[in-house]
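Engineer: Dropping a prediction and its sequence here:
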Amino acid sequence: MWTSTPFTERFGCRYPIVQGPMGGGGSTPELVAAVSNAGGLGSLGCYHLEPAAIRDAAADVRRRTDRPFALNLWIPREREDGESPEPSRALARLQPYREELGLPPLLEPPAPTVQDFERQFEAVLEARPAAFSFIFGLLPEPMVAEARRRGIAMIGTATTVEEAEALEASGADLVCASGFEAGGHRGSFLRTAEQSLTGTLSLIPQVASAVRIPVLAAGGIADGRGVAAVLALGASAAQIGTAFLMCRESGASDLHRAALADRTRARRTTLTRAYTGRLARILTNRVTDDLARAPAEILPYPYQNEATRELRYAAARVGRTDLLPFYGGQSAPLATLGSAAGLVATLAAETAAVFERLGPESR
């Protein structure tokens, strides 16, 4: 049966469905618990949280469910891709938007707030989730050993076959292979993100053939047809992000959900460093179009992220959707408003229907 895979056997999930972690508030304890209760694996993005907040969020999830769930962090990087431009040039590119919002000139990038990864990881260990997923690199060997000692499964994120192989060699228990269709940040770490753009249809079977650990598939999956497709390609589970953003339990704003629900707008996504300095897929808007003409005038992460923070908050307060970054994958037009439990049930029914159509052998 399609519901029986190495992933479901390991975590005791009813379905091989993972809710993408969606950091920055996109995932919430309510969403994570709802997905896990419905038979999938809920995931909470924690890269932006202080250690105490991670512990509190994990406790909140546990108050809502006794099912397995995952916590997710970003691996810190020593340097960012590309050359850093003169800050004054990068800030000058943002000034017209600030003027429209009544914000004063920004003379230098604000000092970035970067979380202490080691302390965040200690909080994850204390929380003891069923799984710890991570992005942007390899988990250091001592951390791998400590997670394994506590029985926490480690899920690394790969955007290329080489990254998947590196994750397996480093001790990861599962690998999430993320095609470039996925919404949010690209997790590339061996080469630049721009040099690591492989689509899900091509990436999943190559990764499944290259590694022995179970493979999760991410990128462009928003309905049961996508789940069935990646399972047929060799994945052990499908990881879905944008469709879960449309659930009422998510942390997405009403403006974000409305943009995703506008199918004409949701069909236009782009990969850009405009808002954070790291390559990410969001719905195309005025800022992404403007800065695409001057990519060399974008600061690296986290400085671009800090330089646009006040702009983003001000735009949200007045509903300026032409200036706001709405993360979404290329299959966003397939997503609909609803509940997390309803989405999991729909995905399961649609996936079963696909395999039923294909005949007994496929099940």
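Structural biologist: That came through, no problem. Residues are numbered from 1 along each chain as shown.
Engineer: Give me the buried positions along the host helix or strand of Glu356.
Structural biologist: Per DSSP states H and E, Glu356 falls inside helix 340-358. Residues Ala340, Ala341, Leu343, Val344, Leu347, Ala348, Thr351, Ala352, Val354, Phe355 are the ones in helix 340-358 that count as buried (16 or more other C-beta atoms under 10 Å). In this view, the C-beta of every residue, glycine as well, is placed from N, C-alpha and C.
Engineer: Please report the distance of the first one from Thr200.
Structural biologist: To Thr200, Ala340 is 23 Å away according to C-beta to C-beta, to the nearest Å.
Engineer: Going by residue numbers, what spans are strands in the stretch 51-200 of the chain?
Structural biologist: Applying DSSP state E, counting those that start in this stretch to the stretch 51-200 of the chain gives strands spanning 69-74, 131-135, 153-158, 174-178, 184-185.
Engineer: what is the mean pLDDT for the last one?
Structural biologist: Rounded to a whole number, the mean pLDDT of strand 184-185 is 97.
Engineer: Same question for the second one.
Structural biologist: In this model, strand 131-135 has a mean pLDDT of 98.
Engineer: how distant is that strand from the center of its chain?
Structural biologist: Centroid displacement of strand 131-135 relative to its chain, using C-alpha atoms, centre = their mean, to the nearest Å, is 11 Å.
Engineer: ok now do Leu299, which residues does it touch?
Structural biologist: By C-beta atoms under 8 Å, 6 or more residues apart in numbering, the contact set of Leu299 is Ser84, Pro85, Pro87, Ala90, Pro109, Gly277, Ala307.
Engineer: For the strands of the stretch 51-200 of the chain, state which one has the densest average packing.
Structural biologist: With neighbours defined as mean count of other C-beta atoms under 10 Å, those peak in mean count at strand 174-178, which reaches a mean of 29.
Engineer: Report all helices and strands that that strand contacts.
Structural biologist: When contacts are defined as 3 or more C-beta pairs under 8 Å, 6 or more residues apart in numbering; DSSP states H and E, strand 174-178 packs onto strand 153-158, helix 161-170, helix 200-210, strand 215-218.
Engineer: quick one: contacts of that strand?
Structural biologist: Counting by C-beta under 8 Å, 6+ apart, 7, 10, 18, 131, 133, 153-159, 164, 167-168, 186-187, 200, 203-204, 207, 211, 213-219, 235-236, 239 sit against strand 174-178.
Engineer: For Thr336, grab phi and psi.
Structural biologist: According to degrees, to the nearest 10, the main-chain angles of Thr336 amount to phi -130, psi 160.
Engineer: Can you give the domain ranges for this protein?
Structural biologist: As recorded under automatic domain parsing, the domains making up the chain are 1-76+114-249+339-363, 81-113+251-334.
Engineer: now the last one, how far from the chain's geometric center?
Structural biologist: Right, domain 81-113+251-334. The chain centre lies 17 Å from the centre of domain 81-113+251-334; the measure is C-alpha atoms, centre = their mean.
Engineer: With that, I have no additional questions.
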